[in-house]
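A.B. asks: Coordinates for the following, if possible.
(one chain, ligands or ions: 1)
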Amino acid sequence: MADIALAALTKVYPGGVRALDAIDLTIADGEFFALLGPSGCGKTTLLRTLAGLETATSGSVVLGGTDVTALAPGRRDVAMVFQDYALFPHMTVTDNIAYPLRIRKVPGGERRERAAETAAELGLTDYLARRPDQLSGGQQQRVALARAMACRPRAFLFDEPLSNLDARLRLEARTFLKRLQRELGVTTVFVTHDQAEALALADRIAVMEHGRIRQLGTPAEVFRRPANTFVASFIGSTPMNLLPGTAARGAVRVADLALPTPDGLDLADGEELTYGIRPEYLTYHEAPTPGALGGEVRVVENLGSAQLVTLEGPAGPVQVVVDEDTEVTPGREGHALPRADRALVYRDGELLTPT
Ligand code: ATP
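C.D. replies: Numbering: from 1, shown residues only. Predicted coordinates:
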């Protein structure tokens with residue numbers, strides 16, 4: 001078993017930055033877990049504290065039932081893959097992969113055999129004699145993965161391992177990483193600031209802000225029901241529309257329009273709320289439509305198979321995804337009708353759940 005349990009894990013750097021603020025989190029054995037959040041939210045600190053590269057100020061890290069909080073990195077049985085791969089430039093691929101085995105005093109013959117085996121699993125057999133500068137970015141990334149795998153760790157810790165790859169290689173490497181993790185079944189913690197990557201790869205995601213976890217859930221949960229307006233504005237390739245309004249007879253009134261809400265919300269007339277609706281869940285109409293948010297078409301962005309239209313009206317800017325065949329002309333009036341079943345309502349920034 002190599003589940004990871006963090007209890008009240010806190011890291012305060014010299015100078016007073018509270019990078020981790022009493023984090024409680026359990027990651028299951030074999031889980032692919034992503035840490036997601038804006039720059040400076042504490043993702044890397046959390047990963048480095050798991051690896052033992054940072055000392056926790058307080059709280060504990062338990063790995064597979066063993067408290068490793070005070071253990072040195074080399075004794076934790078975890079392998080970290082860094083953003084820049086940190087390969088040894090003067091060593092061959094074989095020697096790079098075998099390096100952690102050498103540190104563990106595995107005899108030479110067995111070392112080379114295990115390095116060759118791991119290299120074969122990652123499709124690196126043809127490159128064993130090369131040095132890192134004779135490899136592509138994607139191949140270097142695989143060598144870093146092979147080096148992490150060679151000593152059969154109980155957990156992989158990845159710090160943005162795909163961010164140095166170009167867009168196409170990145171997609172390929174993403175699929176490869178997911179397949180590999182499934183096959184090996186090794187508990188994996190993955191840091192990224194790329195939400196599409198986290199949604200695509202992870203079994204569960206923790207969205208962090210200021211050293212705290214703001215939401216913990218599956219990609220579908222985090223995408224469909226962001227627990228607060230911070231997560232709502234962070235997740236999604238086009239950000240969610242978050243419109244300030246007030247409750248009025250079971251609806252949310254935004255700029256003189258009663259917007260439909262999901263059934264079962266307990267709203268007190270007059271209270272201030274935020275109405276959340278993703279651009280994908282509004283339908284676009286050229287003609288005025290009852291219940292639709294109207295405005296002037298300000299921007300039309302081409303998304304490939306669709307277009308993202310920004311309307312500017314009494315409710316402020318509203319974005320709506322429109323199919324590629326609809327002609328939308330900047331400067332004209334447009335109308336966007338929300339789907340009640342996809343609308344989310346936030347009170348003091350927290351999601352209201354239907355009763
Ligand atoms: P990024 O996505 O930019 O890498 P992150 O979410 O990984 O950000 P961390 O690197 O964990 O964030 O940093 C969390 C906070 O701790 C930031 O405010 C950062 O400035 C601070 N911090 C990180 N390392 C140190 C350090 N060695 N000394 C002091 N403060 C630090």
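
A.B. asks: now for the helix or strand bottoming out on mean pLDDT in the chain, which elements pack on it?
C.D. replies: Comparing every helix and strand of the chain by mean pLDDT, DSSP states H and E singles out helix 167-184 as the least confident one, with a mean of 81. Secondary-structure packing of helix 167-184 (3 or more C-beta pairs under 8 Å, 6 or more residues apart in numbering; DSSP states H and E): helix 137-150, helix 195-201. From N, CA and C alone the C-beta is placed, and that goes for glycine too.

A.B. asks: got the contact list for that helix?
C.D. replies: Helix 167-184 is touched from outside by 32, 122, 136-138, 141, 145, 149, 156, 161-163, 165, 188, 197, 200-201, with contacts defined as C-beta atoms under 8 Å, 6 or more residues apart in numbering.

A.B. asks: for the nearest residue to residue 77 once chain neighbours are set aside, what are its contacts?
C.D. replies: For residue 77, the nearest residue in space outside its immediate sequence neighbours is residue 154; the separation is 4.7 Å by C-beta to C-beta, 6 or more residues apart in numbering. If a contact means C-beta under 8 Å, 6+ apart, then residue 154 has 2, 63, 64, 77, 78, 186, 187 as its contacts.

A.B. asks: Kindly indicate which of the residues you listed lies nearest the ligand.
C.D. replies: For the contacts of residue 154, the residue nearest the ligand by C-beta to the nearest ligand atom is residue 78; the value is 17.4 Å.

A.B. asks: Please determine how far residue 223 is located from the ligand.
C.D. replies: Computed with C-beta to the nearest ligand atom, to the nearest Å, the distance linking residue 223 and the ligand is 20 Å.

A.B. asks: Am I right that that residue sits in a helix?
C.D. replies: Yes: according to DSSP: H, G, I helix; E, B strand; the rest coil, residue 223 belongs to a helix.

A.B. asks: That one against residue 202, yeah?
C.D. replies: No: with contacts defined as C-beta atoms under 8 Å, residue 223 does not count as touching residue 202, sitting 11.5 Å away.

A.B. asks: Just list whatever residues bridge to the spatially closest residue to residue 244 that is not a sequence neighbour.
C.D. replies: Among residues not flanking residue 244 along the chain, residue 274 sits closest, at 5.9 Å (C-beta to C-beta, 6+ apart). Listed beta-bridge partners, residue 274: residue 244, residue 346 (assigned using DSSP bridges).

A.B. asks: how many other residues sit next to residue 274?
C.D. replies: Residues contacting residue 274 under the criterion other C-beta atoms under 10 Å number 24.

A.B. asks: One more: residue 290?
C.D. replies: Applying other C-beta under 10 Å, we find 7 other residues in the vicinity of residue 290.

A.B. asks: Need phi/psi at the residue lying farthest from the centre of the chain.
C.D. replies: Most distant from the centre of the chain: residue 109, at 40.5 Å, with distances by C-alpha atoms, centre = their mean. Backbone geometry at residue 109, expressed as degrees, to the nearest 10, gives phi -60, psi -50.

A.B. asks: Quick check: next helix or strand after the least confident helix or strand of the chain?
C.D. replies: Next helix or strand after helix 167-184 toward the C-terminus (DSSP states H and E): strand 187-192.

A.B. asks: Help me confirm that residue 250 comes into contact with residue 267.
C.D. replies: Yes: with contact defined as C-beta under 8 Å, residue 250 counts as touching residue 267 (6.3 Å).

A.B. asks: what residues are shared contacts of the two?
C.D. replies: residue 261.

A.B. asks: more neighbours, these two?
C.D. replies: When residue 250 and residue 267 are compared for neighbours, residue 267 comes out ahead with 18 against 13, by other C-beta under 10 Å.

A.B. asks: What backbone torsions are found at the more buried one?
C.D. replies: Its backbone dihedrals place residue 267 at phi -110, psi 130, with angles given as degrees, to the nearest 10.

A.B. asks: Next up, the contacts around it.
C.D. replies: 247, 250, 252, 261, 273, 345, 352.

A.B. asks: Just want to check the distance between it and the ligand.
C.D. replies: 36 Å.

A.B. asks: Give the helix, strand or coil label for residue 38.
C.D. replies: Per three-state DSSP, residue 38 ends up coil.
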